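Got a predicted structure here, sequence first:
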Amino acid sequence: MLQKESAKEKSIILIGFMGVGKTTIGNALANKLQRDFVDVDHQLEREYNMSVSEIFHHHGEAFFRNKEKEMIRALSKQTQKVISLGGGAFLQEDIRESCLENGIVIYLDMSFKAWKQRIPFIIDSRPVLQGKSEEEIKNLFNERKAIYVNHHLKVKMDGKELEEIVESVIDSLDLA
Ligand SMILES: Nc1ncnc2c1ncn2[C@@H]1O[C@H](COP(=O)(O)OP(=O)(O)O)[C@@H](O)[C@H]1O
Ligand SMILES: O=C(O)C1=C[C@@H](OP(=O)(O)O)[C@@H](O)[C@H](O)C1
Ligand SMILES: [Mg+2]
């Protein structure tokens, strides 16, 4: 009972490859659960008054990763939020540890075949993807999959509409 109560307090943290829908689903999930929603990239964009691409361009990726780490370490300790991370955040051990220790980490799992359809919609705003061939992107996708095995719950995304995904996330939380 005590454990279940404390689980309800924890923030829900969404992870997964860029473009799978962490931001979109996080927002819809927060509305449904009546929780505050925080998208880490959007928060950084507000703080620097620049897009993520501009932060990469003007300050470099190392700067972005450092700010991302500071922000997520602080956010992960807050309760009852829905937090969407950027897809590269979980590569940092400090981030993985603080999220897994303090929050409920949900991995949004999509096949490469389904994900490929998203490329045209995201390529311009994801500096990490720019200049890469489909083969190189596929390798990155598979490398990152190995990092995302660190999670509490997983939701399969292929063939589901947004509303169904949100329901699957809520079901996975109830069952856990
Ligand atoms: N369930 C969905 N079905 C179709 N397109 C989606 C879905 N969820 C997100 N998208 C689209 O995919 C792109 C990436 O979504 P986003 O939420 O920004 O992903 P992430 O935060 O994981 O990078 C956006 O163009 C968004 O409109
Ligand atoms: O995977 C990555 O390295 C990144 C993912 C992006 O977030 P989304 O996963 O929300 O696209 C954003 O943080 C930045 O472009 C770097
Ligand atoms: Mg996002």
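Cool, got the structure. Ligands and ions are numbered 1, 2, ... in the order given.

low pLDDT regions in this structure?
1-5 (pLDDT under 70).

Can you list the residue ranges for helices in it?
2-9, 22-33, 40-48, 52-59, 61-75, 93-102, 112-115, 119-122, 134-148, 162-175 (DSSP state H).

The nearest residue to Leu108 once chain neighbours are set aside and Asp174, how far apart?
The spatial neighbour of Leu108 that comes closest, neighbours along the chain excluded (CB to CB, 6 or more residues apart in numbering), is Gly16 at 3.7 Å. Where you see a C-beta, it was placed from the backbone N, CA and C, and this is true even at glycine. Summarising the geometry, the distance separating Gly16 from Asp174, computed by CB to CB, to the nearest Å, is 21 Å.

Comparing the two, which residue is more hemmed in?
Set side by side, Gly16 and Asp174 show unequal neighbour counts under other CB atoms under 10 Å, the larger going to Gly16 at 26 against 7.

List the residues that contact the more buried one.
Gly16 sits next to Lys22, Gly87, Tyr107, Leu108, Asp109, Met110, Tyr148 when contact means CB atoms under 8 Å, 6 or more residues apart in numbering.

Among these, which pair sits farthest apart?
The two members of the contacts of Gly16 with the most space between them (CB to CB) are Gly87 and Asp109, at 12.6 Å.

distance between the longest strand anywhere in the chain and the chain's centre?
As far as residue count goes, and with DSSP state E defining each element, the longest strand of the chain is strand 104-109. In terms of CA atoms, centre = their mean, to the nearest Å, the centre of strand 104-109 is found 8 Å from the chain centre.

Convert the C-alpha atoms of that strand to PDB, please.
This file holds the C-alpha atoms of strand 104-109, laid out as PDB (Å, rounded to 0.1, in the frame of the first residue of the first chain):
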ATOM      1  CA  ILE A 104       8.600   6.100 -13.500                       C
ATOM      2  CA  VAL A 105      10.500   5.800 -16.700                       C
ATOM      3  CA  ILE A 106       8.400   4.700 -19.700                       C
ATOM      4  CA  TYR A 107      10.000   3.700 -23.000                       C
ATOM      5  CA  LEU A 108       8.100   4.500 -26.100                       C
ATOM      6  CA  ASP A 109       9.100   1.600 -28.300                       C
END
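
Could you list the residues in contact with it?
Under the criterion CB under 8 Å, 6+ apart, external residues in contact with strand 104-109 comprise 7, 10-16, 20-22, 25, 99, 148-157, 165, 169, 172-173, 176.

now that strand against helix 93-102, angle please.
120 degrees (axes from the mean of the first three to the mean of the last three CA atoms, to 10 degrees).

Let the chain start at 57 from now.
That works, and once the first residue is 57, the last one we named lands at strand 160-165.

picking up where we left off before, out of the contacts of Gly72, who's nearest Ile179?
Lowest distance from Ile179 to those (CB to CB) belongs to Gly143, with 13.7 Å.
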